[in-house]
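[1] Here is my input, please return the structure:
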Amino acid sequence: MKKLKTQTLLVLVLCLFIPLIASAQTSTKTVPMPSQQNKIIIDKIVEAAHYKNYVTDFCLATISEAALKEKWNDQKTIEITESINYKNFRDAVYNMFAFYNEIELETLLKTYQKDTVYQTTNVMVTNDALGYNLEIFANDIVRGRYK
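    Residues are numbered from 1 along each chain as shown. Below is the predicted model:
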């Protein structure tokens, strides 16, 4: 009888905790984003570092590689190429700078504007997470996700 009570109590406790575990696994986390003022500074950094051109060139290279590999016709290649839009990738850049404060961003902007060497070997190009996101973005363009 004592064993039956223990088993019943164990089953009851498990039934109480299973919904808690299941709901904890389905909750979504918000992606950190900078303030509106910091977004303006980040946009200036992107402009000073010519990062939009870098993103476009990277996507064009990925499209060219896919076009040769999959033997696309010119019309499909042009259609996919026209779907490149930096605005679809901008949130990944914002997320990268989300943990910088306004003073750090202003300092970084001044460095980009003054130093031409720093513009080509900048933090956006050398950041592994952003590079990985750029590869995913370029591959999504190749797959036609942004038509």
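
[2] For the rest of this, base every contact and every neighbour count on C-alpha atoms.
    Fine.

[3] which residues does the residue sitting nearest the centre point of the chain contact?
    Geometric centre of the chain, nearest residue: A92, 3.4 Å, by C-alpha atoms, centre = their mean. Taking C-alpha atoms under 8 Å, 6 or more residues apart in numbering as the criterion, A92 is in contact with 130, 133.

[4] Roughly how far does it sit from L130?
    A92 sits 7 Å away from L130, going by C-alpha to C-alpha, to the nearest Å.

[5] repeat for Y54
    Applying C-alpha to C-alpha, the value for Y54 to L130 is 12 Å.

[6] neighbour count winner among those two?
    Of the pair Y54 and L130, L130 is the one with more neighbours under other C-alpha atoms under 10 Å, namely 18 against 15.

[7] Let's verify the residue lying closest to N85 once chain neighbours are set aside: helix, strand, or coil?
    The shortest distance from N85 to any non-neighbouring residue, by C-alpha to C-alpha, 6 or more residues apart in numbering, is to T56 (7.9 Å). Three-state assignment for T56 (DSSP: H, G, I helix; E, B strand; the rest coil): helix.

[8] these two touch, right, T56 and I84?
    Yes: under the criterion of C-alpha atoms under 8 Å, T56 makes contact with I84 at 6.9 Å.

[9] what sits in contact with each of the two?
    Common contact partners of T56 and I84 (C-alpha under 8 Å, 6+ apart): none.

[10] Give me the more crowded residue out of the two.
    Neighbour count, other C-alpha under 10 Å: between T56 and I84, I84 has more, with 22 against 16.

[11] Much appreciated, bye for now.
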